[in-house]
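Trainee: What follows is a predicted structure for the sequence shown.
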Amino acid sequence: MTQKKKEALVWAVVVACLATQALQVALVVHRESLTFDEADHMFAGYMMWKTSDFGLNPEHPPLVKLLAVAPLLREKLWLPPLQGRNFKTEAYFDGRDWLARNDGASQRLVFRMRLAAGLLALCLSLVVFLAAREWFGIGAGVLALLLVTFDPNILAHSGLVTTDIGVSLFFVAAVYAFYRYVRRPTIGRLLIAGVIAGLLLATKHSGILLAPMLILLAAWEIAAAAKDSRGEVAKRLATALAVIVVISVLVLWAFYGYRYAARPTPLQLKPSLAEYMAPLGRFNSTIIRGVARAHLLPESYLMGLVDVKQMAAFYPTYIFGNVYAHGKWWYFPAVILIKTTLGMLALVGLAMFAVFTGKLDKRRELAYIFIPWIVYLAVAMMAGMNIGARHILPLYALAAIFAAGGAVALARGSRRWLWICALLVGAHIVSALAVFPNYMAYANEAWGGPKNVHNLLSDANLDWAQQLLQVKSWQDRHPNEECWFAYFAHPEINIHNYGIHCHSMPTPDTGWVGGSDIVPRQIRGTVLISAGDLSGCEWPSALMNPYRSFQKLKPAETIDYGVFVYRGDFPVPEAAALSRAQRANELLAQHQAEQAMTLAREAVTIDPGGVLAQTALGDTAMALSKKDEARAAWQTAIQNARALEPDAQVSYIPDLETKLNASRQ
């Protein structure tokens, strides 16, 4: 076979892999309801295009949002009136209402936006192929492409309007572009590296991790250079890094229209950047304040950096059936072992064997895999935001390149290794396809597969609010069943917008803005609980989870591995009390203190050991100037909170003590 025909065959395989990936992505997202953050991203992106408002979703830079919404720009869509709320509340609920009004449950517009975002996944696979081919040969390129296009974690997020696939694409592309510049320094390659770095910054705030990666790679290049040329290499790479920084920052500014202010006049961020960064330590606040004063970065981007720091301290962690108030350093290594296919784990192990035995000896190429991999994983382990494998997707792309390089190196001189590696690739693909189309729920066979993942992990590892279309189908098959539903993303995603007619049960999110019905002390009939609420992953302590009694029960049915259906008689005193406490807080905010007091007292009667029930009673009593009753309730709430784990107590006790002390003045 001529070289030309070989090249044509290789590209035919590439096109076939990409077409297969595109088909899978389209089929998966067509049957999935909105995930937790998508409406927020979509609405913010639309407002960026239409009004240049970058203040509705400053948690994330604009690139993915702008790309996803581009197919809708000719649509005449209804816009909800802005209400001047906190930026998270504004974007989440305006996004929900915007989609409900313009798209309904059909998700016609959602599907188009998801397909646009899905282009990034195809580009990621193509970049993986190109990098692996250049680093380890054509065979490695094809093999890496196969591994990444059938990776369940990448497939789970490939069609979602979120930043995780985009950041994976531009991380790998930026490292690869820097490699190409180092191999053959030209102005063109340097410009490409700078532009890609800018696209990375414009995709997700974790893109700033590229800086230490490139610095370490440059240091490696200097150390690996001949002694008499190290000075020249150091000078050239230092200049290159400076140019990349300048270009990337200019590209980032371009996505904000070269305007510092996050919002067009007269709109302002709420809270302001200064107010939002106030809880940060002096060191972080000083740096951000200085950058803001000099207008070195856009205000919206700085707001997002602050938000990353704030949220890392906020999120609880659920793993191996336990809830922790804060992140655990070992969370992501455990997630890798659970959510990576056994075939991929074995191939990575064989690649390490190939490195140690000298069969895979490309030192420079391995440095461009290991250094970014180690930096990214180390930061993820220390960050404290333990909510899903999606936060480490760049590692899966780099692992595919490394595994492919190792497999080709071993198979090159041994038919036995060829068959072993082929079997492992097949096992990887079969294991992924076995969970189709529910890729988000993937866990490998050693951990019990997708049926057991809810006992191990939660949030975007399994249940990211994508099952509502399938819940609606379940209800259509059971039209006469009255049901109660505790859903992970309600009310940010309103279950009733999908035609689901279950009663809503309380969750941490309904405590934020309401949305729960008043729950009876005992439910006779059907209860649906999503995996996120069954695990209690949003509570700082498992003892706060009102549905923990269901963890010991076997569900009658399971919907997409993430929604569990129970039938029978169920005492639910904690859920009943929580629903009343949350409704009392709603009424109190509406200045209906008398009605709130009735519900708060009912909540305490039902669950006297409830921290939130006693807190609601204290708040309501104080609003009615019943100070003695308020103090007694808050003191009881503090006593109840002291039964929680020490890390969880700080979520409640300081605030309660502040209220108690203020009432005595």
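Mentor: Right, received. Where do you want to start? This structure is a prediction, so every number in the text was calculated from the model and none was measured.

Trainee: Measure how buried the closest residue to L624 other than its chain neighbours is and give me the count.
Mentor: Excluding the flanking residues, the one nearest L624 by C-beta to C-beta, 6 or more residues apart in numbering is A593, at 5.1 Å. (Glycine included, C-beta is placed from N, CA and C.) When neighbours are defined as other C-beta atoms under 10 Å, A593 has 19 of them.

Trainee: you'd agree A593 is up against D619?
Mentor: No. Between A593 and D619 there is no contact under C-beta atoms under 8 Å: 9.4 Å.

Trainee: what's the residue nearest to L624 in contact with, if anything?
Mentor: By C-beta atoms under 8 Å, 6 or more residues apart in numbering, A593 lies in contact with 587, 620, 623-624.

Trainee: Redo those as CSV? Include distance to P555.
Mentor: Below are these laid out as CSV (distance: C-beta to C-beta, whole Å):
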residue, distance to P555
L587, 34
T620, 36
A623, 41
L624, 43
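
Trainee: Next one: S625 relative to A613, how far apart?
Mentor: 21 Å (C-beta to C-beta, to the nearest Å).

Trainee: could you pull out the strands for this structure?
Mentor: Ranges of strands in the chain, per DSSP state E, are 317-319, 322-324, 483-486, 503-504, 522-530, 557-559, 563-571.

Trainee: just so I know, which of the ones you listed lies nearest L82?
Mentor: Proximity to L82 (C-beta to C-beta) singles out strand 503-504 among those, at 26.2 Å.

Trainee: who touches the closest one?
Mentor: In contact with strand 503-504 (C-beta under 8 Å, 6+ apart) are residues 482-487, 490-491, 495, 510, 515-517, 519.

Trainee: Just the pLDDT for L617.
Mentor: In this prediction, L617 carries a pLDDT score of 97.

Trainee: who's in contact with stretch 231-251?
Mentor: 178, 181-182, 185, 190-191, 193-195, 197-202, 211, 214-215, 218, 221-222, 225, 296-297.

Trainee: if I look at the residue nearest to L624, how far off is A630?
Mentor: 12 Å.

Trainee: that older thread, taking the contacts of A593 one by one, which sit in helices?
Mentor: For the contacts of A593, the ones inside helices are 587, 620, 623, with DSSP state H as the criterion.

Trainee: Neighbour-wise, which one of these leads?
Mentor: Neighbour max across these (other C-beta under 10 Å) = T620, 29 neighbours.

Trainee: Show the contacting residues for that one.
Mentor: T620 sits in contact with 584, 588, 593, 596-597, 600, where contact means C-beta under 8 Å, 6+ apart.

Trainee: Check the spacing between it and A576 real quick.
Mentor: Distance of T620 to A576, given as C-beta to C-beta: 17 Å.

Trainee: N452 now?
Mentor: N452 is 30 Å from A576, by C-beta to C-beta.

Trainee: Of those two, which one has the most company?
Mentor: Neighbour comparison, N452 and A576: the larger count goes to A576, with 24 against 14 (by other C-beta under 10 Å).

Trainee: Read off the pLDDT value for that one.
Mentor: In this model, A576 carries a pLDDT of 98.

Trainee: who's in contact with it?
Mentor: Contacts of A576 were listed using C-beta under 8 Å, 6+ apart, and they are 518-521, 606-607.

Trainee: do the same with G198
Mentor: Per C-beta under 8 Å, 6+ apart, neighbours of G198: 247-252, 254.

Trainee: By neighbours, which of those wins?
Mentor: Busiest of the contacts of G198 [other C-beta under 10 Å] is S248, holding 25 neighbours.

Trainee: Pull the number of nearby residues for D628.
Mentor: 9.

Trainee: what does T35 give?
Mentor: 25.

Trainee: What count of nearby residues applies to the closest residue to it other than its chain neighbours?
Mentor: Of all residues not flanking T35 in the chain, W464 sits nearest, at 4.4 Å (C-beta to C-beta, 6+ apart). Per other C-beta under 10 Å, the neighbour tally for W464 reads 30.

Trainee: Which pLDDT value belongs to W464?
Mentor: Reported pLDDT for W464: 93.

Trainee: Would you check how far apart it and G55 are?
Mentor: W464 is 25 Å from G55, by C-beta to C-beta.

Trainee: roughly how far apart are I192 and Y276?
Mentor: 35 Å.

Trainee: scratch that, W447
Mentor: 39 Å.

Trainee: For these two, indicate the residue with more neighbours.
Mentor: Y276 (21 against 17).
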